[in-house]
Structure formats: structure tokens, C-alpha cells
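[1] heads up, no residue letters with this:
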Ligand SMILES: Nc1ncnc2c1ncn2[C@@H]1O[C@H](COP(=O)(O)OP(=O)(O)OP(=O)(O)O)[C@@H](O)[C@H]1O
């Protein structure tokens with residue numbers, strides 16, 4: 001039987017969770033109410049407007065957003081290149097706000113790896129694929145040849161180990177870049193539009209490589225892209241709009257009665273700590289929702305109706 005003290009304890013726990021309890025902030029990558037304001041020539045641009053994101057250790061997550069939505073700003077902060085104006089950004093226990101230069105260097109060398117869209121930023125043109133993978137390890141003073149070959153094998157370009165970037169296809173270069181990014185065994189891999197310059201089939205191969213390293217090495221992978229199709233390649237894709245996480249799509253495998261497995265996608269809106277959520281643009285357009293809407297609390301859902309003048313009981317006739 002539940003007694004009063006038990007009920008009170010549960011209510012207090014729920015209140016703590018609503019206020020942003022610790023569980024909400026536990027994750028391998030945590031952004032909480034992240035804000036980044038750029039000031040240029042007296043004009044302020046709010047590139048991140050209170051972005052919330054939690055990524056579990058070992059997850060493979062896609063972050064999807066149109067141009068200007070704030071993807072690069074978020075990635076620059078998470079990779080330790082830029083600092084947020086306000087909010088919390090924490091990766092693998094490193095608080096990215098106010099890090100010392102020494103700790104920032106350690107973070108960038110040991111904790112995170114990067115794959116950028118432009119292959120020239122990932123690979124040195126005068127080194128072979130193997131030498132490119134060995135380079136970060138050499139800088140860290142680690143044993144290298146064997147690991148370089150293992151990594152190239154894992155991403156499916158072992159037979160190209162002796163070739164220079166110019167002697168490889170765009171997809172092979174990007175898979176090699178994944179191996180380079182993993183050379184120093186980082187906990188987290190960030191990829192910024194890694195398939196942006198590739199055709200669909202080649203992009204799938206690069207994505208396959210990211211999935212393999214995620215599954216085999218357990219590295220947490222965050223892929224940032226404007227390509228909505230990648231949502232079909234991952235179990236969880238988060239959409240950014242106007243510098244905030246707006247919605248997310250989760251895919252799960254279901255087994256039908258005849259034993260065949262199929263994937264089901266479910267779209268969720270992201271509810272922030274203040275209880276705000278962003279309606280998908282298609283929903284807003286479908287019902288011509290504007291300015292304000294009427295809300296109704298039902299036992300198991302919330303209704304949103306157009307707040308049309310005249311039908312709104314609060315509205316003077
Ligand atoms: N250094 C900067 N100074 C001023 N404004 C900036 C700066 N960097 C980004 N912005 C602005 O912040 C907003 C978000 O930019 P951001 O580059 O993060 O978007 P994005 O989603 O990565 O776009 P894209 O896919 O085109 O790279 C934009 O309005 C952009 O103009």
C-alpha cells in the first residue's frame with residue numbers, strides 16, 4: 001500500500017525532474033540551454049537559442065538542420081574550437097565552458113575525433129592512407145603501424161593503405177578520414193557533413209563505416225548534416241531549427257507475425273525544461289495556426305486547436 005510519505009516522495013522527485021534533475025544532465029554529451037551570440041558590427045546574431053541535447057555513451061546520432069540553423073556553431077562548441085555565451089556543454093565529463101588552454105588541448109587530442117566535409121581538412125595530400133592514420137599516433141608517441149592497418153581494415157579501405165588521397169575516390173578518402181579521426185582512440189567522433197560532397201551510393205558506404213566503428217569500438221558518433229535522408233540510416237535523428245532542437249525521429253525494428261523484421265519511425269517534438277515545444281511547420285501550415293492556439297488537457301494527451309477569433313472564449317466578441 002502506498003502511504004502519504006511515499007506519495008510525497010514521488011511528487012518531490014517529479015518536481016526535481018521537471019526542474020532539470022541530475023538524470024537529465026547525465027549523458028556522454030550534454031548540451032543544456034546552450035546559447036551562442038555572435039556580435040558583428042553592432043549586430044547580434046543568436047546562433048544557438050537554448051539548445052538542449054543529451055547523447056548516451058555509444059550512441060550513433062544524426063543532427064539534421066537547414067543552412068543557418070546552428071549546426072556548425074554547435075559542432076564548433078562541442079569540438080572545443082568555440083565557447084558558448086551561456087548554458088552547459090559537457091562531453092565525457094569535460095565542461096567545455098571555461099576550460100584552460102591545457103585542458104582544451106588534452107580534450108581535443110584524447111577525447112574527440114573529427115571528420116570534416118572537405119577531405120583536404122582531414123588528410124595530408126603527400127602522405128599515404130596508412131601514414132595519415134599513423135600521424136596522430138606518432139604525435140602522441142604511440143605504437144602505430146598495426147593499429148593503422150586495423151582501422152583502415154575496419155572502414156573497408158585496407159587495400160588502399162599505400163595510396164595518397166588523390167589516388168582514392170571521395171568515399172575512400174572520407175572512410176580513411178574516419179580511420180584518422182579514430183587513431184588516438186577517442187571517446188567521441190564528430191562528423192560534419194561527411195557525405196556532403198558524395199553521391200548517394202558512396203555516401204552510404206561512408207555511413208556504413210561510421211556505423212561499423214560505432215558498433216565495434218563503442219565510440220559515440222554524432223553526424224551533422226542537412227540531408228534528411230540520413231534519418232533513415234540511424235536509430236535517432238535530432239532536427240535543429242533556429243538554434244534549438246525542434247524534433248527527433250527514432251527508428252526501431254519490429255518483428256511482424258510472419259517473422260519478417262521491419263523498421264518503424266516515430267517523430268517526437270522536443271519539450272524543453274520550461275515546457276516549450278516547437279510544432280512541425282507542416283502541422284502549423286495544415287491548420288493555419290497563427291499567433292496563439294487553444295490548449296486542452298485530456299487524461300492522456302494535450303489538444304491544440306486554432307485560436308481563431310470569435311471561437312475563442314477568452315476573445316472579446
Ligand atoms: N562567426 C559568426 N559571426 C556572426 N554570425 C555567425 C557566425 N557564425 C555563424 N553565424 C550565424 O549564426 C547562424 C547559425 O550559423 P551556423 O553556421 O551554425 O549554421 P549551419 O546550420 O551550420 O549552416 P550551414 O549548413 O550553412 O553551415 C547563422 O545565422 C549565421 O549567419
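    Happy to help now that I have it. These figures come from a predicted structure and were not determined experimentally.

[2] how about the contacts made by whatever residue of the stretch 201-317 of the chain ends up closest to the ligand?
    Ranked by CB to the nearest ligand atom, the top residue of the stretch 201-317 of the chain for proximity to the ligand is residue 226, at 5.4 Å. (C-beta placed from N, C-alpha, C; glycine too.) By CB atoms under 8 Å, 6 or more residues apart in numbering, the residues touching residue 226 are 64, 65, 66, 67, 71, 193, 196.

[3] what's the ChimeraX syntax to select whichever of these are buried?
    Buried subset of these, written as a ChimeraX selection, criterion 16 or more other CB atoms under 10 Å:
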select :64,65,71,193
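
[4] the one helix or strand residue 268 maps to: how far from the chain's middle?
    For residue 268, the element it lies in under DSSP states H and E is strand 261-269. Chain-centre distance of strand 261-269: 18 Å, with CA atoms, centre = their mean, to the nearest Å.

[5] give me the residues contacting it.
    With CB under 8 Å, 6+ apart as the test, strand 261-269 has contacts from 231-232, 246-256, 277-280.

[6] and those, which of them are buried?
    Buried among these by 16+ other CB under 10 Å: 231, 246, 247, 248, 249, 278.

[7] enumerate the residues of the protein near the ligand.
    38, 40, 45, 47, 65, 67-73, 226 (CB under 6 Å from any ligand atom).

[8] my guess is residue 239 meets residue 227, correct?
    No - taking CB atoms under 8 Å as the definition, residue 239 is not a contact partner of residue 227, at 12.0 Å.

[9] overlap in contacts, these two.
    The contact sets of residue 239 and residue 227 overlap at residue 64 (CB under 8 Å, 6+ apart).

[10] run a quick neighbour tally on residue 286.
    As a burial measure, residue 286 scores 9 neighbours (other CB atoms under 10 Å).

[11] buried ones in the strand holding residue 268?
    In strand 261-269, counting by 16+ other CB under 10 Å, buried: nothing.

[12] sheet partners, orientation included, of that strand?
    strand 244-255 (antiparallel) (DSSP bridges).

[13] I'd like the average pLDDT over the partner strand.
    For strand 244-255, mean pLDDT rounds to 81.

[14] which of the helices and strands in the chain ranks last by mean pLDDT?
    Of all helical and strand segments in the chain, the minimum by mean pLDDT, DSSP states H and E falls on helix 4-18, at a mean of 65.

[15] what's the angle between the next helix or strand along the chain from it and strand 244-255?
    Downstream of helix 4-18, the first helix or strand assigned by DSSP H and E is strand 29-40. Angle, strand 29-40 to strand 244-255, by axes from the mean of the first three to the mean of the last three CA atoms, to 10 degrees: 150 degrees.

[16] packing partners of strand 29-40?
    strand 43-55, helix 71-78, strand 86-91 (3 or more CB pairs under 8 Å, 6 or more residues apart in numbering; DSSP states H and E).

[17] hmm, back to that, want to throw the contacts of residue 226 into TSV with pLDDT and secondary structure?
    Shown next, in TSV, are the contacts of residue 226 (pLDDT from 0 to 100; DSSP: H, G, I helix; E, B strand; the rest coil):
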residue	pLDDT	secondary structure
64	91	strand
65	89	coil
66	87	coil
67	88	coil
71	92	helix
193	89	coil
196	81	coil
